[in-house]
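Undergrad: What follows is a predicted protein model with its sequence.
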Amino acid sequence: MEDLLQMKDKNIVVMGVANKRSLAWGVAQSLHQAGANLIFTYRKDRSLKKLEQLLEEFQIEAKEVVQCDVNEDESIQQAFQQIGEANPVIHGVVHSIAFAHAEDLKGDFLDTSRSGFSFAQDTSAYSLVAVAKAAKPFMTEGGSFIAMSYLGAERVVEGYNVMGVAKASLEASVRYLAADLGKHDIRVNAISAGAIRTLAAKGVPSFNEILRKIEETSPLRRNVTKEEVGDMTLAMMSHLSRGVTGEIVYVDSGYNILG
Ligand SMILES: NC(=O)c1ccc[n+]([C@@H]2O[C@H](COP(=O)([O-])OP(=O)(O)OC[C@H]3O[C@@H](n4cnc5c(N)ncnc54)[C@H](O)[C@@H]3O)[C@@H](O)[C@H]2O)c1
């Protein structure tokens, strides 16, 4: 059969696997099935241990595993320098990273602190810009960036607060980066994923209520899985989506279309 995806032996950097529930792990599995070479970045040693266990359990060989803390420019620089030296061409980067302080997700958005606001922006939105800048020199054959967003970017979702504003900023950054990088044949898109129980989701106080509402009211009447997010990320990374950039693609059982 003709290779529609054209992902075989492409070097893809996957950022944000913390454990087997991580959306980034769903993405890694889809990319692996399509024959891509996987390069992982992790933040903490705890994540590295989990990642190594997962790679062994699923019999996936990583091409590279590199530490990267997106709050530090130096760490991002070092990580991509190391990745680029070992792999002269990077074809894609999956940014599956977000963080806000728990106290900024409780109570009213009105009470968000200046430091909490900027920390959420820095970690969850600016990091995409910094990563794109660091990866670009190695994306000499064109490529694709995918970030992970959520409906709270455009609607008020209870308990999402400061993270909703960071996701709005992330989605706008996707568009501005797409405009800058298109001339280098580099595409930038985001997946707006439905609610999925992960470590990061634990910080959202109303998460169970959100899951229940999607199951009851979304067009597909169910929640989505990390595998579904992984498969759409693969599609958006692949040759199939070569004409698409600056887009936010919903993988949410259609929940976003409801009035
Ligand atoms: N789970 C959901 O319901 C859902 C829905 C829509 C979008 N998302 C988004 O998906 C992405 C992945 O989250 P997840 O739900 O898989 O949770 P997760 O906790 O498994 O992943 C979050 C990752 O961010 C990483 N991270 C945080 N701060 C970092 C830093 N300073 N440097 C490097 N890495 C850092 C963590 O190490 C972790 O690997 C996030 O952008 C999240 O907002 C999640």
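TA: Arrived safely, thanks for sending.
Undergrad: quick check, stretch 151-167 touching the ligand?
TA: No: using CB under 6 Å from any ligand atom, stretch 151-167 stays clear of the ligand, coming no nearer than 6.8 Å. Just so you know, the C-beta spots here come from the backbone N, C-alpha and C atoms, and that holds for glycine as well.
Undergrad: what's next to that stretch, contact-wise?
TA: 98, 100, 104-106, 108-109, 112, 116-117, 120-121, 123-125, 149-150, 168, 170-171, 192, 194, 204-207, 209-210, 248, 250, 252, 255-256 (CB atoms under 8 Å, 6 or more residues apart in numbering).
Undergrad: Filter those residues down to the buried ones, PyMOL style.
TA: Selection of buried members from those for PyMOL, criterion 16 or more other CB atoms under 10 Å:
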select buried, resi 98+100+104+105+109+112+116+117+120+121+123+124+125+149+150+168+170+171+192+194+204+205+207+210+248+250+252+255
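Undergrad: Mark which of the contacts of stretch 151-167 are part of strands, please.
TA: Ser149, Ser192, Ile248, Tyr250 (DSSP state E).
Undergrad: tell me which residues form a beta bridge with the last one?
TA: Right, Tyr250. Ser192 (DSSP bridges).
Undergrad: that older thread, ok, and of the contacts of stretch 151-167, which contact the ligand?
TA: Near the ligand, by the rule CB under 6 Å from any ligand atom, you find Ala98, Thr123, Ser149, Tyr150 out of the contacts of stretch 151-167.
Undergrad: Is the third one bridged to anything, and to what?
TA: The reference is to Ser149. Assigned bridge partners for Ser149, using DSSP bridges, are Ser192.
Undergrad: pLDDT wise, what is it at?
TA: Listed pLDDT for Ser149 reads 98.
Undergrad: ok, now which ones touch the residue nearest the centre of the chain?
TA: The chain has Ser96 as the residue nearest its centroid, 2.4 Å off, counting by CA atoms, centre = their mean. Taking CB under 8 Å, 6+ apart as the criterion, Ser96 is in contact with Val14, Met15, Gly16, Val17, Ser22, Leu23, Ala24, Val27, Ala147, Met148.
Undergrad: How many residues are close by the fourth one?
TA: Going back to what we said before, that points to Val17. Using other CB atoms under 10 Å, Val17 has 28 other residues around it.
Undergrad: tell me the secondary structure for it?
TA: Recorded secondary structure, Val17: coil (DSSP: H, G, I helix; E, B strand; the rest coil).
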